[in-house]
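J.: Prediction below, plus the sequence it came from.
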Amino acid sequence: MTTLITHWAEGAPYAGTSGRTADVADPAHGRVTGSVALASKDDADHVIASASRAAAAWRSLSLARRTQIVFRFRELLNARKDELASIITAEHGKVHSDALGEVSRGQEVVEFACGIAHLLKGSQSPNVSTGVDVHSVRQPLGVVAVISPFNFPAMVPMWFFPIAIAAGNTVVLKPSEKDPSAALWIARLWTEAGLPDGVFNVLQGDKTAVDALLQSPDVAAISFVGSTPVAEYVYEEASRRGKRVQALGGAKNHMLVLPDADLDLAADAAVSAGYGSAGERCMAISVLVAVEAVADDLVARIAERTRSLVVGDGAAGPDREADMGPLVTRAHRDRVASFVDSGEAAGAALVVDGRRAAVRGEDSGFWLGPTLFDHVTPDMEIYREEIFGPVLSVVRVASYDEALRLINANPYGNGVAVFTNDGGAARRFEEDVEAGMVGVNVPVPVPVAYYSFGGWKRSLFGDTHAHGVEGVHFFTRGKVVTTRWIDPARRPAGGLQLGFPRND
Ligand code: NAD
């Protein structure tokens, strides 16, 4: 019998009453290791009610006390992040060092949230009209929901909940049902840090759980991260009901290599950003755009590096840790492999075939090795679709202008990178390219916590990106207070005045 991975409400595990569950597997071994509760609407209401009950006391706790708890959470997380990384590797499959990297990037947002007091400061203007002062405040929204994808079970939720909690909101986190245990570990850590019961809650489940959050009148805001069709659905459903919503979607990230680039640097970057985490990153490079003059040389360097990668169990490694683990589920592995079939059938040149890769692990794992295609054209399915696996496509172009047209015509606009030693060209690219996050000789330009993360076009629905100042604004709303106190030396004051108030 496998363990039940429960919800979390009122500061304790909650099994729910739906009777529905889903298997959770270890992707490196292909074995079922747990069974996650799938919420019914009643279960969702129970968890949302836990967050609602905690909201009034939490928002009125002093800012000093709230941030002290966030700081304690940061200390515990920092001391024990290895445990969390192991949980991620066991359910997601990414190698341990990569899982640790994910936790560390999430921790940066916790650290940012420890200093939220500075960003919650309002402004004040004395005597804007005779005897009248104005000040502004930012207040929490109430109960907010975070709905996250499978590929970053710790970091993506941490883009949102540290700021939401520090700002005085209570949170319901709906993790991916594919790797749900990280969220429960985080919930326990919050309790250890002294967070009052009900401030952080976990709702496990699928579409039923998501729909319950979207429909609940008690949920004020939704932060969603996942695939574009679901992001668009969540955005439409939530905004139709008057909720604040930010819905981050899929991606197809391009890396442009200009002829003057350092080709070794570019090849290292393409391989690291294309195959890290088995390509299951929304900031992975999936299209390398090579200007024809250097394309042969560049593809040769990338192929050589790709063939040297070790694919294996992310948890083990007596001599050398694997570079790349398995894919998250068998179904996803098969879907990605079917894109390799499709690219081959469409006539792209298959330079490295991941279907035949040697693997250091059990045959029952969900393996697919790194795959490199050259001579990919924009009409091919492998160019058009988000593959979300270890498949890198090289598209050759004649010039910078052709490359820019290609990149800007893509419906997604999450991350993009340019590799060049020409500052002027890089500057022009930065100015012209239509994407939310741009790297110059940096292949995975994930912004630091005090800047904001988010794409353009079909990579983000809503106006506000994650974390940074935009994150603080998302989880608070502004209020402007206009005050008149009567100066005792100037009585009597007032009198009837039915015209529109004028400042003088
Ligand atoms: P997904 O869209 O399948 O799932 C995301 C969340 O939505 C999960 O919690 C899931 O339970 C829920 N969900 C799934 N189908 C639903 C439906 N029909 N109705 C309501 N809810 C539903 O995404 P995934 O496969 O878990 O994650 C991979 C995707 O996430 C990729 O497209 C990737 O690009 C994207 N992603 C984007 C970013 C970003 O910052 N833009 C970051 C990470 C991942």
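T.: Good, I have the coordinates.
J.: The protein against the ligand: which residues are in contact?
T.: Neighbours of the ligand within the chain, by CB under 6 Å from any ligand atom: 147-152, 156, 174, 176-177, 206-207, 210, 225-227, 230, 233, 248-251, 282, 386, 388, 414, 455, 459. Every residue, glycine included, has its C-beta placed from N, CA and C.
J.: can you do 5 Å?
T.: By the rule CB under 5 Å from any ligand atom, the part of the chain lying against the ligand is 149-150, 176, 207, 210, 225-227, 230, 248, 250-251, 282.
J.: Spatially, what comes nearest to residue 38 if we skip its sequence neighbours?
T.: Closest residue to residue 38 in three dimensions, ignoring its sequence neighbours and counting by CB to CB, 6 or more residues apart in numbering: residue 20, at 4.0 Å.
J.: For the buried ones among the residues of the chain next to the ligand, write the corresponding PyMOL selection.
T.: Buried subset of the residues of the chain next to the ligand, written as a PyMOL selection, criterion 16 or more other CB atoms under 10 Å:
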select buried, resi 149+150+176+210+225+226+230+248+250+251+282
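J.: Turn the residues of the chain next to the ligand into TSV, columns for secondary structure and pLDDT.
T.: Formatted as TSV, the residues of the chain next to the ligand follow (DSSP: H, G, I helix; E, B strand; the rest coil; pLDDT from 0 to 100):
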residue	secondary structure	pLDDT
149	coil	98
150	coil	98
176	coil	98
207	helix	98
210	helix	98
225	strand	98
226	coil	98
227	coil	98
230	helix	98
248	strand	98
250	coil	98
251	coil	98
282	coil	95
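J.: Out of the residues of the chain next to the ligand, which comes closest to residue 129?
T.: residue 248 (43.2 Å; CB to CB).
J.: Quick check: residue 451 vs the ligand, distance?
T.: Here the criterion is CB to the nearest ligand atom, to the nearest Å. By it, residue 451 lies 14 Å from the ligand.
J.: Do I have it right that that residue meets residue 445?
T.: No: counting by CB atoms under 8 Å, residue 451 sits too far from residue 445 to count as a contact (10.2 Å).
J.: Now tell me what touches stretch 13-26 from outside.
T.: 2, 4-8, 31-40, 42-43, 46-47, 90-91, 93, 177-181, 184, 204, 206, 329-330 (CB atoms under 8 Å, 6 or more residues apart in numbering).
J.: Could you rerun that using 6 Å?
T.: By CB atoms under 6 Å, 6 or more residues apart in numbering, the surrounding residues in contact with stretch 13-26 are 6-7, 32-40, 43, 90-91, 177.
J.: ok, now stretch 30-44?
T.: Stretch 30-44 is contacted by residues 2-7, 16, 18, 20-26, 177, 180, 203-206, 209, 212, 364-365 when judged by CB under 6 Å, 6+ apart.
J.: Emit the ChimeraX select command for whichever of the residues you listed are buried.
T.: The ChimeraX selection below is limited to those of these classed as buried (16+ other CB under 10 Å):
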select :5,6,7,16,18,21,22,24,25,26,177,180,203,204,205,209,212,365
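J.: Select, from the residues of the chain next to the ligand, the two members most distant in space.
T.: That would be 207 and 251, which, of those, are the farthest apart (CB to CB) at 22.1 Å.
J.: Can you give me the pLDDT of the residue nearest to the spatial centre of the chain?
T.: Residue closest to the mean C-alpha point of the chain, counted by CA atoms, centre = their mean, is residue 156 at 3.7 Å. Note on residue 156: pLDDT of 98.
J.: correct me, but it touches residue 223?
T.: No: at 9.2 Å, residue 156 does not count as touching residue 223 under the criterion of CB atoms under 6 Å.
J.: quick one: low-confidence parts of this protein?
T.: Along the chain, segments meeting pLDDT under 70 span 1, 316-319, 491-493.
J.: Give me the longest helix you can find in it.
T.: The longest helix of the chain (DSSP state H) is helix 63-92.
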